[in-house]
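Student: I'll drop the sequence and a predicted model, then ask my questions.
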Amino acid sequence: MVILSVIVFSIGNFYSIKRGYNLDILFSFASGISVGAPVRYAGVEVGEVKDIQVYFDEKEDRPMVRLVVWVAQNTWINEDAKANINTLGLLGEKYLEIRPGTKERRLLGQDDALRGQDPISTEELTRETQETLKKIDNMVGSLNKIVGDEEVRASFKNMVSNFEALSEDLKNHPWKLLFRPKKSRRGK
C-alpha cells in the first residue's frame, strides 16, 4: 500500500508532499485563470494556483483578485519580480508566469504578496483593433482623395519630370551647379 501510494502521489504531481510556500499574487483582472493552473517561474513549472479570491482593496479603492499560489521551496522570487497571466498557445490553458526580479531586492516568503501585471481583456483588444482599423480606413480614404485629384496628379507628374531633367542635367554638366552666374542687382 505504501509503495502504491508513493507511485500515485508521484504521478499525480501532488505538491503537498513537496516543500514550498504560498504567495499572494494580486490582479485587477484575472483573465479566466482557474484553480489548479500551473505557475511557471522563468519558463519552468514550479507550482500551481491553489485558490482565487475576489476582495475589495481599500488602498486601490476597487475590487481586486487574489491568486493564492504554491511554489516549490527552491523558487527564489524577489519583490520586484513580474507576474502575469499567459495562455499556452493561442487558445490554450491559462497559467501564471513569474519573471525573475533582481538579486538586490528582498526575497518573498510565506504569505507575501506580489502585484501582478493585469492582462488585456479580449473585449478590450477587439475594441482597440476595431478603432485602429477605422483609423486606417479613414487614412486610406483621405489618401485616395488626394491621389485621385487630377491637379495633384498633374503637379506630381510635373515635379517628377523636373527632377528627371535636373538629374540628367547634373549628370551631363556637373560644373553648371558650381559655376552658376549670379544675377546682378541692376537687372531688377
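Tutor: Cool, the structure landed.

Student: Mind pulling up the pLDDT for residue 188?
Tutor: According to the prediction, residue 188 has pLDDT 49.

Student: can I see the domain layout of this structure?
Tutor: Listed by automatic domain parsing, the domain ranges of the chain are 2-118, 124-178.

Student: Tell me which of those is the most buried.
Tutor: Greatest average neighbour count among those goes to domain 2-118 (a mean of 14), per mean count of other CB atoms under 10 Å. The way it works is simple: take the backbone N, C-alpha and C, and place the C-beta from them, glycine included.

Student: ok now that domain, how far from the chain's centre?
Tutor: Chain-centre distance of domain 2-118: 20 Å, with CA atoms, centre = their mean, to the nearest Å.

Student: give the contact list for the residue lying closest to residue 80 once chain neighbours are set aside.
Tutor: Spatial nearest neighbour of residue 80, excluding adjacent residues (CB to CB, 6 or more residues apart in numbering): residue 101 at 3.7 Å. Counting by CB atoms under 8 Å, 6 or more residues apart in numbering, residue 101 touches 77-82.

Student: May I see the domains of the chain organised as JSON lines, with mean pLDDT added?
Tutor: Shown next, in JSON lines, are the domains of the chain (pLDDT from 0 to 100):
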{"stretch": "domain 2-118", "mean pLDDT": "86"}
{"stretch": "domain 124-178", "mean pLDDT": "79"}
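
Student: The lengthiest strand in the chain pairs with which strands, parallel or anti?
Tutor: As assigned by DSSP state E, the longest strand anywhere in the chain is strand 44-57. When pairs are called by DSSP bridges, strand 44-57 turns out to pair with strand 38-41 (antiparallel), strand 62-72 (antiparallel).

Student: Of those, which is nearest residue 105?
Tutor: Closest of those to residue 105 is strand 38-41, at 15.2 Å (criterion: CB to CB).

Student: if we can go back for a sec, from the contacts of residue 101, which is closest to residue 113?
Tutor: residue 79 (9.4 Å).

Student: Tell me where this protein has strands.
Tutor: 20-27, 38-41, 44-57, 62-72, 82-87, 94-99, 112-115.

Student: Grab the longest helix from the chain for me.
Tutor: helix 122-148 (DSSP state H).

Student: For that helix, enumerate the helices and strands it packs against.
Tutor: For helix 122-148, there is no helix or strand it packs on, judged by 3 or more CB pairs under 8 Å, 6 or more residues apart in numbering; DSSP states H and E.

Student: Could you check how far the residue nearest to residue 80 is from residue 149?
Tutor: Separation of residue 101 from residue 149 (CB to CB, to the nearest Å) stands at 57 Å.

Student: what does residue 119 give?
Tutor: Distance from residue 119 to residue 149, by CB to CB: 46 Å.

Student: Many thanks, have a good one.
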